[in-house]
Every structure is written in structure tokens, then in C-alpha cells.
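> what shape does this take:
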Amino acid sequence: MKIEIIKCLSDNYSYLIFEKDTNTVTIVDPSEFAACDKVINKYKKLDYILNTHHHADHVNGNILLKKKYNSKIIGFDGDQKRIPGIDILLKENQNYKVGNLLFKVIFIPGHTRGHIAFYFEKEKIIFTGDTLFSLGCGRVFEGTHIDMFNSLNKLKDLPPETKAYCGHEYTKVNLEFCLKYDPNNSNLKKKSIEINSNLKRNLPTIPTTIGDELKSNIFLRCNLNVIKQALNLKDASDQEIFTKLRDLKDAF
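Residues are numbered from 1 along each chain as shown. The predicted model follows:
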């Protein structure tokens, strides 16, 4: 499984997946046609398009890529009327193959009502769209804070070595937010050096891992007393802490 990171728009990431044994080419969340097509051209084909959710900055390339390569567009059945050109409808917890690569659909609403992640368990890779970011999480648009909290808890249960590929390069501002409310976190300080080095060289800060996020991402650490004390909410529930953090991040 070869993954190419494609920079799109101002801060989006699309991902090309190449599976050599069956020569299968798949793209995740093609934000824009031109940037994605430039990378796809090396392979001369595109078999599948995977969409995590319906937002335009994740599906803008769907129709033109489908038209050029006769690709099949795959997405959540609950978003059947909102994902352009969708061909194959997936359900929660369904397993599906692209070439020889098997993935599981994880339903993670909150950012949108129909948001899903694509989890390649054997390869220990997940594409999280706009739900889990490096050191952050997505805004709550169509769902509720409880939806997002529960969705992140699903992702927390994945093996720590799982590599997570998200939809945007938001890591720097997420780091600043985490440090504001978790300033003594040694893992954050170590990650800060790596993140700033990558960005200085114009390199992605992605992928992250679930293990790294558990140590550093404040939105996955709502159960810790150090976070509750930083917010002066020592008796609050984990879900209440998450809601407070998400509201603070919205205004950050």
C-alpha cells in the first residue's frame, strides 16, 4: 500500500493509494481536480474515489475525475444525495475492498451527519477526514458535541500504532491551542520541534498516529485531571470538558 499526499486548495490534503498487486489506484477526498490529476497521471488510471463526507473541499474533484477515468465513487449511504456522482453506498461497520486492500467503514458523525472514516486494519492506516486532526478535531457543524465526542472515542480505541491521515494541515494552530491549556505536556514540546521543522521545509505534518494523539491531542485527553484543572472544571464530566474545549477552539 503506497500513499501519496496531495496538497490541495489552501490547506487541504487528498491522498492517492496505490495497490501494486492488482494495479489499483484510489484517491481519498479529491479536493480539486488539477492537483489530484497531476499525481494520478503518473498511474494513467483511477479506479476508485473515496469520500469521507460531502463538504465541497473534499468532493470538488469527484465529477471531473470520474468523467476522465471512469472511476467509481464510494461514500456513506446516508450521504447518497449529497456526494456528487456517488456509485457505491457503504454502511456503518461494512467491510469493502479496493483491489486487495480491505477497509472497514467507521461511522464518525459530528462534523457532518454522514461522516465516515476508512480504516485499513491490516495496514494499520485510517483516513479520518475532518473528524480527527493532528492535535485537534473538526468543528461541529451538522451533528452535536456528543456526536463528535463519541466519534473521537471510537478512534481512541484503535491500536496506538495506527497511522492517521486527516483532511487539513491544521497542526500548527492546533499545537498552539493544546499548549495553551496543557502547557506542561512534554510530548507536546517534543512534537513542536518536529512540526515546526516539517513546516519550515514545506513538508506535511501528516500522518500522525493514534498513540501520539492520545499523548498530545487535548481533545482526546478530556478525562485527565490536569486538563480539567486547567479549565477550572475539576468536577465536570469528560463530555462537558470536550464541549468546553471545542467552544474555546472555535473562538481561538
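> got a list of what Ile63 touches?
Pro84, Gly85 (CB atoms under 8 Å, 6 or more residues apart in numbering). For the C-beta atoms, the positions are set from N, CA and C on the backbone; glycine is no exception.
> relative to Ile40, how far out is it?
From Ile63 across to Ile40, the span is 15 Å (CB to CB, to the nearest Å).
> OK, contacts around Gly211?
Contacts for Gly211 (CB under 8 Å, 6+ apart) come out as Pro160, Glu161, Thr162.
> wait, a helix at it?
Yes - the assignment for Gly211 by DSSP: H, G, I helix; E, B strand; the rest coil puts it in a helix.
> return the list of helices and strands in contact with the helix ranked longest in the chain.
Taking DSSP state H as the assignment, the helix of the chain that covers the most residues is helix 186-200. Helices and strands in packing contact with helix 186-200 are listed as helix 171-181, helix 210-216; criterion 3 or more CB pairs under 8 Å, 6 or more residues apart in numbering; DSSP states H and E.
> can you list the weak-confidence ranges in this structure?
By pLDDT under 70, the chain contains no weakly predicted segment.
> spell out the residue ranges of the strands in it.
Under the criterion DSSP state E, the chain contains strands at 2-8, 12-19, 24-28, 48-50, 72-76, 88-90, 95-98, 101-107, 116-120, 125-129, 132-133, 136-137, 163-166, 208-209.
> and Ser134, how many residues sit next to it?
One way to gauge burial is a neighbour count; for Ser134, by other CB atoms under 10 Å, it gives 27.
> sorry, that was for Ile3
As a burial measure, the neighbour count of Ile3 was computed by other CB under 10 Å and equals 18.
> ok, now Leu224?
If you count neighbours by other CB under 10 Å, Leu224 ends up with 15.
> one step back: out of the strands of the chain, which gets nearest to Lys156?
Nearest to Lys156 among the strands of the chain is strand 132-133; the distance by CB to CB comes to 9.1 Å.
> can you tell me which helices and strands that closest one packs against?
If contacts are counted by 3+ CB pairs under 8 Å, 6+ apart, strand 132-133 sits against strand 163-166.
> one more pass at 6 Å, please.
Counting contacts by 3 or more CB pairs under 6 Å, 6 or more residues apart in numbering; DSSP states H and E, there are no secondary-structure elements packed against strand 132-133.
> neighbouring contacts of it?
Strand 132-133 is contacted by residues Leu155, Ala164, Cys166, Tyr170 when judged by CB atoms under 6 Å, 6 or more residues apart in numbering.
> I appreciate the help and will end here.
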